[in-house]
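Student: Got a sequence here, can you model it:
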Amino acid sequence: MRAGRPTRRVVIEETDVTISADSRRDLDRAARAVRHHRRRLDAYVHRHPEFLTAKVPIRVPERAPRIVRTMARAARLTGVGPMAAVAGSIAELAARSANPTVVVDNGGDVQVRSRRPVIVGLYVSEDHPLTGRLGFEVRGTVGVCTSSGRYGHSFSLGEADAVTVFAERASVADAAATAVCNLTRGDDPEGAVQRALELADDLTGDVVDAVLIVHGDLVGYSGRLPRMVRIEGGEVRPARLEPTI
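Tutor: This next block holds a predicted model:
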């Protein structure tokens, strides 16, 4: 994330959030929202442990906490368990609590609300050639979330290096990234990416804006990706990504 504004970090167990905003007041608002929604989620999971372990969408009461309803909605739209949307949902709700410009990065799952361009970098792995070299220029209300079958602490059934999803809401982008990444497994990488792209095509338009899949030296995408930039030595330059699929 390249925002150039005051930042604050909030860490609550595995929730590790970096907030960037135009004012200290909005930093405070977003930080309070992170703590509030994390507490409400913990309390709900304590009473309803099935919410924590479900691998498919489940119904929640209409009076459930907002964080729970946000996660359940994202799961329903993408066909995964609600915890697949936890990081994106916290980022989304925290960003919604503050005035633009605000960027909330929850362990790589990002919610942007900005009238000005914001560069969100792509992290694949420490040794992948795209890591630290490619970013996306976004503005407005945009969620950018990544799921990986090889790196990170999130649960995935897939084997892709990274599946990055762009959607208005980070909760939905997070759940969709998991759903697509789950299909990138098996002894045939090209076939796995093709299966994942079929689901990405189904989601693109109605549910998400775009999906980027990186699986070894295979790259595929669905939808209209944001403007790509090449990041070199701290400088951002226009770039093109030539998909191989």
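Student: Can you give me the buried ones in stretch 88-106?
Tutor: Going by neighbour count (16 or more other Cβ atoms under 10 Å), the buried part of stretch 88-106 is 88-98, 100-106. C-beta coordinates here come from the backbone N, C-alpha and C atoms, glycine included.
Student: ok, now which ones touch the residue positioned nearest the centre of the chain?
Tutor: The residue lying closest to the centre of the chain (Cα atoms, centre = their mean) is Cys145, at 1.6 Å. Neighbouring residues of Cys145 by Cβ atoms under 8 Å, 6 or more residues apart in numbering: 87-88, 108-110, 164-165, 167, 170, 173-174, 176-177.
Student: same thing but 10 Å
Tutor: When contacts are counted by Cβ atoms under 10 Å, 6 or more residues apart in numbering, Cys145 touches 84-85, 87-88, 91-92, 106-111, 154, 163-167, 169-178, 208.
Student: Then Asp161?
Tutor: Asp161 touches 123-125, 128, 130-131, 146, 148-151, 181, 184, 213-219, counting by Cβ under 10 Å, 6+ apart.
Student: If I look at it, what pLDDT would I see?
Tutor: pLDDT recorded at Asp161 is 87.
Student: what's the longest helix in the chain?
Tutor: Taking DSSP state H as the criterion, the chain has its longest helix at helix 24-47.
Student: What are the buried residues along that one?
Tutor: Buried positions in helix 24-47, judged by neighbour count with 16+ other Cβ under 10 Å: 26-27, 29-31, 33-34, 36-38, 40-41, 44-45.
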